[in-house]
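Asker: everything below, folded, please.
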Amino acid sequence: MPVEFLNQVVSHGVASVPYLPQILRFLPWAALIYGLRWFFAGQTNKVDRVMHGKVVMVTGGTSGLGAAIVDDLASKGAQIILLVRSTHDSWLVDHISDLRSRHSNTLIYAEECDLSSLHSIRLFCTKWLDNAPPRRLDAIVLAAGIMSPPFAARELTKDGVECHWGVNYLANYHFLTLMTPALKVQPPDRDVRILVATCAAYMVGDLDLNDVEFLERGYPARRPWLVYGAAKIALMAFIVELQRQLDAYKRPDNMPVNVKCYSVDPGIMRSPGSRRWLSLGSVLGLLVYVITWPLWWIVLKSTDEGAQGFFAGLYDPEYARMKGGQFIRECRVSELRKPEIEDEILGQQLCEVSKAQVEALEKTAAAARAREKKEQEKAEKKQKKSETGGVEKATTDTPAPNPRKSEGKKVAFSEEPTEVSAKETPKTASKRRTKKA
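Answerer: The predicted model follows:
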């Protein structure tokens, strides 16, 4: 067949073959689109790892980047713990059931850990740590995040913190700080890895430890990437500082701590967060996004392509041997565009500021919960009192029953005691009289 086709083209020309001229006319454009698509897809992870028996925690694992990571981990037989906002969701049940059936992996669970609430994070971490012997933990993947579109109003978490700072950084700081004891007690021969998602927006971020929530400077609604990038700078600096603390820790058995922390840049993807940002969070913008979707399909990565850097950080054995706290981009370690992220002084000051902020927020939240509980108890007592008062009123209106009357068999009441015959005397009474006599 190919020989006959070539013979036809050489002998009678290109026009002799049906539709061949039109195909050749569009072939360069198709090659250009394919080349652009290959270029923007980025590098692919080529290392595999056996994940059977490995325990992995994942945030943001129900959509976007996190869902792609969870899907690959489930196919490799890993035990996955999805940290979600709420477990009372029918869609979440269907999602987990689908993962279990598709990959024949029943070791997929969900635990409630709302990143917008510091109290929810503490409850989960306390429950995880309150176990003897310590639970196994092989990896933590923090892929959840939020990115508000331009011209959007300032959003706050449940603790009243600016959402970019509260969800993208402060929640991850609080979670990893509380989970540090669980990381330190893992056996020294266990390969434990922590991967957090960052973004190239850190290069345009504006981090000021004296005004981390942009209260004094004002929230830049037209340029929200300044706040988003500042949170990513803080997160990457904290990962470097956490690696220093883990390396400096001395185990009771004098063995090294085999925990490696990395920041991973997945690139710009066609994720729900990017779609919300490109559409400016409006219906009209979403319509424009749908119309221009072929362009975004070419220049933006899919979530599977963006997750390749996380697969390299999880599966490649080289990342277990090299120095932790580094930056992974396109499946390899890259240099930071902001060298101050690796500054030890910045890391220490950042931890001090974050610790003070978390303590203040938790005290305020605890006082609010105590007041709410007290008000709820007062309301319950008031309701109970009103209910019991109505019952007492109803009982006082009804006449008191005659105690000498009873339902069923009639009973005769007499004030004088009746004489008991010797035959009817109980055995115990006769024994007492005998002993007394």
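
Asker: where does pLDDT dip in the stretch 1-150 of the chain?
Answerer: For the stretch 1-150 of the chain, the stretches with pLDDT under 70 are 1, 5, 8, 12.

Asker: now the strands for it?
Answerer: Using DSSP state E, counting those that start in this stretch, the strands of the stretch 1-150 of the chain run over residues 55-59, 79-84, 108-112, 139-142.

Asker: which of those strands is buried the deepest?
Answerer: strand 139-142 (a mean of 25; mean count of other CB atoms under 10 Å). Bear in mind the C-beta positions are built from the backbone N, C-alpha and C, glycine included.

Asker: what is it packed up against?
Answerer: Helices and strands touching strand 139-142, as assessed by 3 or more CB pairs under 8 Å, 6 or more residues apart in numbering; DSSP states H and E, comprise strand 55-59, helix 171-184, strand 192-197, helix 308-315.

Asker: looking at the ones you listed, which is closest to Gly42?
Answerer: Distances from Gly42 to each of the helices and strands packed on strand 139-142 were compared using CB to CB; the minimum, 6.7 Å, belongs to helix 308-315.

Asker: circling back: closest one to Pro339 among the strands of the stretch 1-150 of the chain?
Answerer: Judged by CB to CB, the one of the strands of the stretch 1-150 of the chain that comes nearest to Pro339 is strand 139-142, at 23.4 Å.

Asker: and the residue nearest to Asn172 when sequence neighbours are not counted, bridged to which residues?
Answerer: Closest residue to Asn172 in three dimensions, ignoring its sequence neighbours and counting by CB to CB, 6 or more residues apart in numbering: Leu142, at 5.3 Å. Each beta-bridge partner of Leu142 is listed here, defined by DSSP bridges: Thr59, Val196.

Asker: redo the helices and strands packed on strand 139-142 as TSV? Include distance to Pro21.
Answerer: Below are the helices and strands packed on strand 139-142 laid out as TSV (distance: least, CB to CB, whole Å):
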stretch	distance to Pro21
strand 55-59	52
helix 171-184	58
strand 192-197	48
helix 308-315	40
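
Asker: for the residue nearest the centre of the chain, what are its contacts?
Answerer: Taking CA atoms, centre = their mean as the criterion, Thr59 is the residue nearest the geometric centre of the chain, at 2.8 Å. Under the criterion of CB atoms under 8 Å, 6 or more residues apart in numbering, the contact list for Thr59 reads 66, 83, 113, 115, 141-144, 175.

Asker: and if you look at Tyr228?
Answerer: The neighbourhood of Tyr228, defined by CB under 8 Å, 6+ apart, consists of 147-148, 164, 168, 199, 201, 205.

Asker: buried ones in stretch 210-218?
Answerer: Of the residues in stretch 210-218, those scored as buried under the neighbour-count criterion (16 or more other CB atoms under 10 Å) are 212-214.

Asker: ah, wrong one, I meant stretch 88-99
Answerer: Quick answer for stretch 88-99 (16+ other CB under 10 Å): 92, 95-96, 99.

Asker: ok, now stretch 218-229?
Answerer: Under the neighbour-count criterion of 16+ other CB under 10 Å, stretch 218-229 has 219, 224-229 buried.

Asker: the longest helix in the chain is where?
Answerer: helix 344-397 (DSSP state H).

Asker: show me what that one is packed against.
Answerer: Counting by 3+ CB pairs under 8 Å, 6+ apart, the packing neighbours recorded for helix 344-397 are helix 118-129, helix 171-184, helix 225-248.

Asker: what angle sits between the longest one and helix 344-397?
Answerer: Using axes from the mean of the first three to the mean of the last three CA atoms, to 10 degrees, the interaxial angle of helix 225-248 with respect to helix 344-397 works out to 100 degrees.

Asker: show me how far helix 225-248 is from its chain's centre.
Answerer: Centre-to-centre, helix 225-248 and its host chain are 18 Å apart (CA atoms, centre = their mean, to the nearest Å).

Asker: what's the spacing between Tyr173 and Trp297?
Answerer: Tyr173 sits 36 Å away from Trp297, going by CB to CB, to the nearest Å.
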